[in-house]
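Novice: Sequence plus predicted model, see below.
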Amino acid sequence: MTFTALHRYLGEAPGPLIDDMVDRAIAQGLRETDDLDWKSELPPRGAITSSDFPKDVAAMANSGGGTLVFGVTESQKSATGRKDTGELNETSERALRSAAVTAVSPPIFGLEIVQLGELGNQCVVIVIPPSIDGPHLIYRNEYFGAPIRNDADTVWMKERQIEAMYRARFDERRRSTEVLDKLYTEAAAMRTPDGPAWIVAVAHPRLQTTLPMRPSQAIARMAFEQAGVNALVYVGRGSPHPIEDVDRGSPRPGLRRWTARPMMDGNSRRWREAWLSIHDDGSISLAAAVGGRPRSRTEHNDDHVVESKTVEVAIADFMGMIREASDRLSLGEYEVKIGFEWNKTERLQIWTTDEMNYPHAGSTIPLAQYSPVEATVRANVEATDFHRQVHDLALDCVNQGGIAHVQTIKPPSG
């Protein structure tokens, strides 16, 4: 779902951007505001970074996000008509995204760029997400400044404003760390005492937003189902998926969340126990048994032994859930934390597999302590970019155990 300044001022519910919205904005003479700006022309492709575009994007991000509409003329800040921008090809779109990353510091990711209208009457809408990384600065040779919106105008921040925004950034980071640690502690508590090693993975949206509505049970159910489909893109069906070991069809309510419980049937095993939750704010929690898996019909790994491919599958499920939550709830970046919990009587071992696909210790590094892997995941990027993040996150998780390569998550092509 998308909810932009155009939606807000036209009284629209969250939904896709459509050409009729621009026509109605012009008919109503909508005025520019701190989160809506009319532009008659796109910046020249070869001079985007030296144009006002980076300043406009940074100002919107510093002001809580906003919408730039190119292809609309204005008079006294009010929309008056349309002016064709021409077709926006892939190269031009890539140049706009690049300018928001290379000409602004810290970079701004996650622009939503939509071309509307028919040939000869086209416009381009660029939605700039709110940011907690402010102040975003613009550099011009030896000088820099932090732009911000002041109603319909863009002005430069004063020293005290910049100071206050830096303070807010650091406070938000501390808060985010506290929330993530709390989520991790709650998820880790689901582990069966004296059972096999568990993987615990939690994610929290970097930007605290108020969602239009709390996710319903139906939305949670569809999110769990689609997350499983997403995971298969990354790893296939080489190993059991934790997301297939929970009751995705009947998530139960919890404290501001929906939780899929372990499947309670005759095939249940202690090494197949898993819990999965989607929280009302878009956070994700996964806790799943990954140690003590069977090596054959009669033999099992020790409880402190975890196979690399099992870790990769769990990461794929977890990331598939993040991707789905981001799509459904219009969320961007996530902070993630992934670790292992076990009884500590033996050192944790992450095993690889040999040429015959049998697990073995190889060059594993027995771990008395596993340092949780923490990272920022950009969930609203192109599929190939997200796939690459799945690969890299799984690699970080197994590297700590002495494993040099992931086995089932292949780096995406392209």
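Specialist: Structure's in. What do you need? Numbering: from 1, shown residues only.
Novice: Domains in this protein, by residue range?
Specialist: 5-157, 171-399 (automatic domain parsing).
Novice: pLDDT below threshold where in the stretch 251-400 of the chain?
Specialist: For the stretch 251-400 of the chain, the stretches flagged by pLDDT under 70 are 264-269, 354-357.
Novice: mind checking the end-to-end distance for stretch 319-339?
Specialist: For stretch 319-339, the first and last residues are 15 Å from each other (Cα to Cα, to the nearest Å).
Novice: and that stretch, how far from the chain's centre?
Specialist: Centroid separation for stretch 319-339 versus its chain: 4 Å, with Cα atoms, centre = their mean, to the nearest Å.
Novice: Show me which positions of that stretch end up buried.
Specialist: Buried positions in stretch 319-339, judged by neighbour count with 16 or more other Cβ atoms under 10 Å: 319-326, 328-339. All C-beta atoms are positioned from the backbone trio N, CA, C, and that covers glycine.
Novice: Just the ones of those residues in strands?
Specialist: If you go by DSSP state E, these have E333, Y334, E335, V336, K337, I338, G339 in strands.
Novice: those strands in the stretch 151-300 of the chain, which residues are they?
Specialist: 153-156, 198-205, 252-254, 257-260, 274-279, 284-289 (DSSP state E, counting those that start in this stretch).
Novice: hmm, I was thinking of the stretch 301-414 of the chain
Specialist: Along the stretch 301-414 of the chain, the stretches classed as strands by DSSP E, counting those that start in this stretch are 305-307, 333-341, 349-353, 359-360, 373-378.
Novice: Quickly compare the ones you listed and say which is most buried.
Specialist: strand 305-307 (a mean of 26; mean count of other Cβ atoms under 10 Å).
Novice: residues in contact with that strand?
Specialist: Under the criterion Cβ atoms under 8 Å, 6 or more residues apart in numbering, residues 197, 199, 239, 290-293, 301, 340, 348-353, 359, 401 lie in contact with strand 305-307.
Novice: go with 7 Å
Specialist: A197, V290, G291, R293, F340, L348, Q349, I350, W351, P359 (Cβ atoms under 7 Å, 6 or more residues apart in numbering).
Novice: Same list, those residues, but as CSV with distance to R252 please.
Specialist: Conversion of the contacts of strand 305-307 to CSV gives the following (distance: Cβ to Cβ, whole Å):
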residue, distance to R252
A197, 26
V290, 23
G291, 26
R293, 27
F340, 26
L348, 31
Q349, 34
I350, 32
W351, 34
P359, 34
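Novice: ok, now which ones touch R328?
Specialist: So R328 contacts I219, A223 (Cβ under 7 Å, 6+ apart).
Novice: I meant to write E12 there.
Specialist: E12 neighbours (Cβ under 7 Å, 6+ apart): M21.
Novice: ok, which stretches of this structure are helices?
Specialist: 5-10, 19-27, 53-62, 90-102, 159-188, 217-235, 308-329, 383-399 (DSSP state H).
Novice: Tell me which of the strands of the stretch 301-414 of the chain approaches D35 most closely.
Specialist: Across those, D35 has its closest neighbour in strand 333-341 (19.5 Å, Cβ to Cβ).
Novice: Can you tell me the strand partners of the closest one and which way each runs?
Specialist: strand 198-205 (antiparallel), strand 373-378 (antiparallel) (DSSP bridges).
Novice: by how many degrees do that strand and helix 308-329 diverge?
Specialist: In terms of direction (axes from the mean of the first three to the mean of the last three Cα atoms, to 10 degrees), strand 333-341 departs from helix 308-329 by 150 degrees.
Novice: For the strands of the stretch 151-300 of the chain, give me CSV that also has distance to F70.
Specialist: Below are the strands of the stretch 151-300 of the chain laid out as CSV (distance: least, Cβ to Cβ, whole Å):
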stretch, distance to F70
strand 153-156, 16
strand 198-205, 29
strand 252-254, 44
strand 257-260, 40
strand 274-279, 36
strand 284-289, 35
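Novice: Quick one, which of the ones you listed gets closest to R82.
Specialist: Going by Cβ to Cβ, the one of those nearest R82 is strand 153-156, 22.8 Å.
Novice: now for that closest one, which elements pack on it?
Specialist: For strand 153-156, the elements it packs on are helix 53-62, strand 147-150, judged by 3 or more Cβ pairs under 7 Å, 6 or more residues apart in numbering; DSSP states H and E.
Novice: So for it, what gets flagged as buried?
Specialist: Counting neighbours by 16+ other Cβ under 10 Å, one finds that the buried residues in strand 153-156 are T154.
Novice: so how far is it off the chain centroid?
Specialist: Distance of strand 153-156 from the chain centroid (Cα atoms, centre = their mean) equals 30 Å.
Novice: how close does the residue lying closest to G402 once chain neighbours are set aside get to L180?
Specialist: Once flanking residues are discounted, G402 sits nearest to I365: 3.6 Å by Cβ to Cβ, 6 or more residues apart in numbering. Here I365 is placed at a distance of 26 Å from L180 (Cβ to Cβ, to the nearest Å).
Novice: Settle it for me: which of these two has more neighbours?
Specialist: Just comparing I365 and L180: by other Cβ atoms under 10 Å the higher neighbour count belongs to L180, 20 against 13.
Novice: my read: that one touches R206, true?
Specialist: No - if you go by Cβ atoms under 7 Å, L180 and R206 don't touch, sitting 10.2 Å apart.
Novice: Are there residues contacting both of these two? Which ones?
Specialist: E335.
Novice: Specify the beta-bridge partners of W275.
Specialist: Beta bridges link W275 to A287, judged by DSSP bridges.
Novice: Looking at the ones in strands among the buried residues of stretch 319-339, which one is closest to V377?
Specialist: For those, the nearest to V377 is Y334 (4.6 Å; Cβ to Cβ).
Novice: What is the burial count for D37?
Specialist: Should you count by other Cβ under 10 Å, D37 turns out to have 25 residues around it.
Novice: quick one: it and P130, what's the gap?
Specialist: The spacing between D37 and P130, counted by Cβ to Cβ, is 15 Å.
Novice: contacting residues for the spatially closest residue to T102 that is not a sequence neighbour?
Specialist: Nearest non-adjacent residue to T102, counting by Cβ to Cβ, 6+ apart: T49, 6.7 Å away. Neighbouring residues of T49 by Cβ under 7 Å, 6+ apart: A99, T102, A103.
Novice: Give me the distance between the nearest residue to the last one once chain neighbours are set aside and P107.
Specialist: Which is A103. Spatial nearest neighbour of A103, excluding adjacent residues (Cβ to Cβ, 6+ apart): P54 at 3.8 Å. Note on P54: its distance to P107, by Cβ to Cβ, is 10 Å.
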